[in-house]
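Colleague: got a predicted model here, sequence first, then my questions.
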Amino acid sequence: IESPWARPDEMRGSAERLIDYAKRGDKDERAMRMADFWLTEKDLIHKLFKVLAPRFQPHPGSYTRLLQIPNRDGLDRAKMAVIELKGNALPPLVRPRRDSDKTLLNQLLKGYRQDAQRAAAT
Amino acid sequence: LILVRSPLPRLRALLQRCWGRLERGLWPGVLGGQSPPWGPALAVQGLALVPQGINDAGESSAAAPSLLESVLWMAAPKQRRTIEVNRCRRRHPSKLIEVKRNIDVCPECGNLKQKHVLCGYCYAKVKEETRLIRVEIRKKEGGPFNAPTVETVVLYEGEKPTEKDEGKRIIETARKRPSWFVQN
C-alpha cells in the first residue's frame, strides 16, 4: 500500500499489535474481541487468524516492511512510503543484494575455506 | 463651563472670553495638544477644536495622522544597498540549497536513486506488475468481502504448482515471469 509516509508509519505499529493479538490463538476471547472491533470487514478476521497468524508464528516481531519512495509527483512533493506484509505473494519491492565474491573479505574467506579443505584432505 | 453659575461676574466674564478665544482658535495649545507653529491647525481654525474635526483636518491637510506628532511616517531604506552587500546576503550559506551527497546508482536498472529511498524506475515496474496481479485476484474473488482463508501463490505462463504450494489458492496469469520476480 502506497501512501504519504506518516500514515503507514502509524499504521505499522497498530497492525503489528493486532497480529500479536491474533498470534495468541483463535480461541482467545480477548484476541477475537479486539479483531472484531478493529476490523470492520469481517472476512478479514478469518484471514487474520487462519493465514497471517500461522505465517508469523515463528517470527518474534516486525511483520511489516516500510520503505520510502521518491517524493510524490504532484505539487506538494510529499514524502511517500510503501508498506507491505512480509511473506506476501505479490512481487517483491526490494531484491536483497549479497556482496560480490570479489570483495576483500569474501576473497579472504574463500582462501580460508580452501586451506581448510586442503588440510582436511591430507 | 456653562453649568458654573455660582462664581462672581468677573470670573464668568473671564471664562467667557477664554472660551471665545478657544473657539476662534487663537489659543490652540490647550485642547488639541498641537504646538502653535503647526501650520495646518492655524489654517483650518474653525474646525480645529471640534473632536471629529481634528481627525478630518489631520487627514485632509497633512499626511501625518493627527494622533502622532512625529514627522516620519513609515520606515524606508535611506541608501541603495550596494551589489556587494546584496551578494553577501544572497549567497550566505544558510540561504543556499544544500548539496545532496546521498545519491547513488541503482544496481538493477542504472538510474539514480537516493540511498535510503527505493529506485523510482524499479518501483514503477513492481507497481505495474502488482496492479496486474491484483486485477487477476479481483476477477477470481468476484466481489467484496471474499478474502480467502488460505495463502496465495502467483503462477505465470507454463508453471506448475510445486509441493510447497499445496494448500494455497493459485492466481494464474498468461504472461511471462519477469526476471526480477524469483519463484520460491
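Modeller: Cool, the structure landed. Residues are numbered from 1 along each chain as shown, chains lettered A, B, ... in the order given.

Colleague: strands of the chain, start to end?
Modeller: Going with chain A. Ranges of strands in chain A, per DSSP state E, are A:2-4, A:64-69, A:80-85.

Colleague: could you do chain B instead?
Modeller: With DSSP E as the criterion, chain B has strands spanning B:103-105, B:112-114, B:152-155, B:169-172.

Colleague: please name every helix or strand in contact with the first one.
Modeller: Contact partners of strand B:103-105 among helices and strands, from 3 or more C-beta pairs under 8 Å, 6 or more residues apart in numbering or on different chains; DSSP states H and E: strand B:112-114. Using the backbone N, CA and C atoms, a C-beta is placed for each residue, glycine as well.

Colleague: buried stuff in the strand it packs on?
Modeller: Judged by neighbour count (16 or more other C-beta atoms under 10 Å in any protein chain shown), strand B:112-114 contains these buried residues: B:Lys113.

Colleague: that one pairs with which strands, parallel or anti?
Modeller: strand B:103-105 (antiparallel) (DSSP bridges).

Colleague: now what about the partner strand, what contacts it?
Modeller: B:Asn111, B:Leu112, B:Lys113, B:Gln114, B:Lys115 (C-beta atoms under 8 Å, 6 or more residues apart in numbering or on different chains).

Colleague: and the second one, what is it in contact with?
Modeller: Pointing back at B:Leu112 there. With contacts defined as C-beta under 8 Å, 6+ apart, B:Leu112 is in contact with B:Ile103, B:Asp104, B:Val105, B:Cys106.

Colleague: hmm, which two among those are most spread apart?
Modeller: Pairwise distances across the contacts of B:Leu112 (C-beta to C-beta) peak at 10.5 Å, for the pair B:Ile103 and B:Cys106.

Colleague: now do the shared contacts for those two.
Modeller: Here B:Ile103 and B:Cys106 share the contacting residues B:Leu112, B:Lys113, scored by C-beta under 8 Å, 6+ apart.

Colleague: neighbour-wise, which of these two wins?
Modeller: B:Cys106 (14 against 10; other C-beta atoms under 10 Å in any protein chain shown).

Colleague: the more buried one contacts B:Ala124, correct?
Modeller: No. B:Cys106 lies out of contact with B:Ala124 (C-beta atoms under 8 Å); the separation is 12.0 Å.

Colleague: tell me the centre residue of chain B?
Modeller: Centroid-nearest residue in chain B: B:Lys95, 18.5 Å away (criterion: C-alpha atoms, centre = their mean).

Colleague: over to it: give its phi and psi.
Modeller: phi -100, psi -20 (degrees, to the nearest 10).

Colleague: give the contact list for it.
Modeller: Contacts for B:Lys95 were tallied using C-beta under 8 Å, 6+ apart; they are B:Arg89.
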